[in-house]
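Visitor: The following block contains a protein sequence and its predicted model.
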2 protein chains.
Amino acid sequence: MRRVALMLVAGFLLSGFTAYLASASAQAENGGGQVSGIKIPPGYRDWRLISVAHEEGKLNDLRAILGNDIAFNTAREGRLPYPDGSIIARLAWSYDPLPESAKAFGHLQSYVAGPPINGVQFMIKDSKKYGSTSGWAFVQFNNGNPVNVAMPGSCFSCHETVEARDFVFSRYAP
Amino acid sequence: MRRVALMLVAGFLLSGFTAYLASASAQAENGGGQVSGIKIPPGYRDWRLISVAHEEGKLNDLRAILGNDIAFNTAREGRLPYPDGSIIARLAWSYDPLPESAKAFGHLQSYVAGPPINGVQFMIKDSKKYGSTSGWAFVQFNNGNPVNVAMPGSCFSCHETVEARDFVFSRYAP
């Protein structure tokens, strides 16, 4: 039962951010309203791991979904919706073959995280501040700088499809 | 410079454990010496993330490499070799397509962590206790129970190929 509960949890931007990325420049050019004043959450690389994923296609990355304490505990315990103060981070790295593995086994089978790519993205829960997007802000930083992306629309349009999981794609990986 | 330093770090069992798994049952049947008395490290799922990976082939998983504070900080700061007390954990989950992503994009491109598979594995550094394998013990737990695996040989034979990284395959993913 606990396993089932654990598997019914969390979530994130696995594919939603593809649309986000694709539409970001276009919307920025249109001068649409953006989430302003959000700074990169300090210490996010120390947060605990919610889950991992691989994106094929243009993104072609390995990614990790981390959560601050509020988000991580919510994901692990399956207590949706995420409370205000929850922050979920999506890190991504290039999808690199591991030569040492190929050498050891005589064939390539291991892919590992290379340099960071595709920016660092965050979902930030504040039900009052971001009420128009069901309580979530979606932001991205490239090399530590915020990306000028219009909201809502870009990310949210995909995340709306997982409303039952409080708009978060990823589930906690036990 | 810091980026370079970060990329020259850590490591783990990405492929070494394939051999480990393959040889585990055979060696157990042979009654070879095993690492005994090692219990599953408490709280390892709360440890911080060193890196992520994907294994193709029979393993076919998504995996995360976590480290206890000693191992994580060593990996991040690039201060090899790992000091005694370092523990590195390898978790793995089935490599599952994400239907919601396929639905949103009209094609499959996202793979996420499904149920846990391939056990949970640990590298434990104790230069005196495990001197015969360069200071590392290699252990695996299936459903919380230690797997009866002969040491050294199985894991170590592959990990020997990355002696320059203190026998750890994975590098810290910044």
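Guide: Cool, the structure landed.

Visitor: my read: A:D46 touches B:L49, true?
Guide: No - the pair A:D46 / B:L49 is not scored as a contact, 9.0 Å apart, by CB atoms under 8 Å. Yep, even glycine has a C-beta here, placed from its N, CA and C like the rest.

Visitor: the more surrounded of the two?
Guide: B:L49 (23 against 12; other CB atoms under 10 Å in any protein chain shown).

Visitor: That one belongs to a helix?
Guide: No - the assignment for B:L49 (DSSP: H, G, I helix; E, B strand; the rest coil) gives strand, which keeps it out of a helix.

Visitor: ok, it to A:P81 distance?
Guide: 25 Å (CB to CB, to the nearest Å).

Visitor: tally of neighbours for A:E56?
Guide: The burial count for A:E56: 14, using other CB under 10 Å.

Visitor: Quick check: phi and psi on the closest residue to it other than its chain neighbours?
Guide: If the residues on either side of it in the chain are set aside, A:E56 comes closest to B:Q109, at 4.5 Å by CB to CB, 6 or more residues apart in numbering or on different chains. When read as degrees, to the nearest 10, the backbone of B:Q109 gives phi -150, psi -10.

Visitor: hey, which helix or strand in chain A has the poorest pLDDT?
Guide: When the helices and strands of chain A are scored by mean pLDDT, DSSP states H and E, helix A:16-29 comes last with a mean of 34.

Visitor: tell me which element the residue sitting nearest the centre point of chain A is part of?
Guide: Against the mean C-alpha coordinate of chain A, by CA atoms, centre = their mean, the closest residue is A:R90 at 3.3 Å. Using DSSP states H and E, A:R90 sits within strand A:87-97.

Visitor: Output the contacting helices and strands for that strand.
Guide: The contact analysis (3 or more CB pairs under 8 Å, 6 or more residues apart in numbering or on different chains; DSSP states H and E) places strand A:87-97 against strand A:48-55, strand A:61-67, helix A:69-77, strand A:110-116, strand A:120-125, strand B:48-55.

Visitor: Highest mean neighbour count out of the ones you listed?
Guide: The highest mean neighbour count among the helices and strands packed on strand A:87-97, using mean count of other CB atoms under 10 Å in any protein chain shown, belongs to strand A:61-67: a mean of 26.

Visitor: mean confidence score for that one?
Guide: Averaging pLDDT along strand A:61-67 gives 98.

Visitor: what do you get for stretch A:120-127?
Guide: 96.

Visitor: Can you show me the CA trace of stretch A:110-130 as CSV?
Guide: Output in CSV follows, covering the C-alpha atoms of stretch A:110-130 (Å, rounded to 0.1, in the frame of the first residue of the first chain):
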residue,chain,number,x,y,z
SER,A,110,26.1,3.2,-20.1
TYR,A,111,25.0,6.8,-20.5
VAL,A,112,26.0,9.3,-17.9
ALA,A,113,25.4,12.9,-17.1
GLY,A,114,27.8,15.2,-19.0
PRO,A,115,28.0,19.0,-18.7
PRO,A,116,24.8,20.9,-17.7
ILE,A,117,22.4,21.7,-20.5
ASN,A,118,18.9,23.1,-21.1
GLY,A,119,19.1,25.4,-18.1
VAL,A,120,17.8,24.8,-14.6
GLN,A,121,14.1,25.1,-14.1
PHE,A,122,11.9,25.5,-11.0
MET,A,123,8.3,25.2,-10.1
ILE,A,124,7.5,27.4,-7.1
LYS,A,125,4.2,27.1,-5.2
ASP,A,126,2.5,30.2,-3.9
SER,A,127,-1.2,29.9,-4.2
LYS,A,128,-1.9,33.6,-3.8
LYS,A,129,0.9,35.0,-5.9
TYR,A,130,0.5,32.5,-8.8
